[in-house]
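Participant: For reference, the sequence and a predicted model appear below.
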Amino acid sequence: IGSYTNMGSSATIHYALKHFTPNVIISLGVAFGIDYRTQEFGDVIVSKRILPYNNNKRDEDMLKPDRTQDKYIDEWLQTRLVNAHGFVDSITYGDMLTGGSVLSSFEEKDKICLGYTKSDFIIGGEMEGSALFQPFLSDEIPGVVIKGICDWAAAKNEIFPEETEK
């Protein structure tokens, strides 16, 4: 339900930290994929970097990212996940967009993606990951976003009208 809603991931993590002292925080759930030609529903995507897009400058053609908002996943945790044998056979690591609302428009998704460069390896997007980097979290608690692709952030029920089973 997002990072900053009443019972969103930020509030949930804040509450949990009153009772637990975790070694790592993992945000699991569903995400939108970037390209239905190269990705499949159910593909697992893992963040190396979180790119918040809600507060970025917008113009007619694209979003202009505030690169100071990029959040890097802890290198120790990345290394552990990449080297975990039998974790998941087919996963993609890369940059994940995060925003505070449901995205359901190819045009809006394209505007967001066009603001990033080819060196940004955007693999998908979601709504809860930015909570992993809130000021109340200690820098000593690494976090990562691991999600399964469930849609393409647009026309969720009509992307493939000729293939209704998808």
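Facilitator: Received it, and whenever you're ready, just let me know what you need.
Participant: Give me the buried positions along whatever helix or strand S10 lives in.
Facilitator: S10 is part of helix 9-16, with elements assigned from DSSP states H and E. Using 16 or more other C-beta atoms under 10 Å as the test for burial, helix 9-16 gives 9-11, 13. In short, each C-beta sits where N, CA and C put it, glycine included.
Participant: Repeat that for stretch 91-106.
Facilitator: For stretch 91-106, the neighbour count (16+ other C-beta under 10 Å) marks 92-93, 95-100, 103 as buried.
Participant: What strand or helix carries E108?
Facilitator: Using DSSP H and E, the element containing E108 is helix 106-114.
Participant: Kindly apply the preceding question to R49 instead.
Facilitator: Short version, using DSSP H and E: R49 is in strand 44-52.
Participant: which other residues reach that strand?
Facilitator: Contacts to strand 44-52, defined as C-beta atoms under 8 Å, 6 or more residues apart in numbering, come from residues 31, 33, 65, 69-73, 78, 81, 88, 90-99, 116, 120-124, 129-130, 132-133, 144-149.
Participant: That strand pairs with which strands?
Facilitator: Here strand 44-52 has these sheet partners by DSSP bridges: strand 71-72 (antiparallel), strand 91-98 (parallel), strand 143-151 (antiparallel).
Participant: quick one: the longest one to chain centroid distance?
Facilitator: Which is strand 143-151. Centre-to-centre, strand 143-151 and its host chain are 6 Å apart (C-alpha atoms, centre = their mean, to the nearest Å).
Participant: hmm, who's touching it?
Facilitator: By C-beta under 8 Å, 6+ apart, the residues outside strand 143-151 that reach it are 24-33, 39-47, 50, 73-74, 77-78, 81, 96, 98, 124, 126, 128-129, 132-133, 137, 159.
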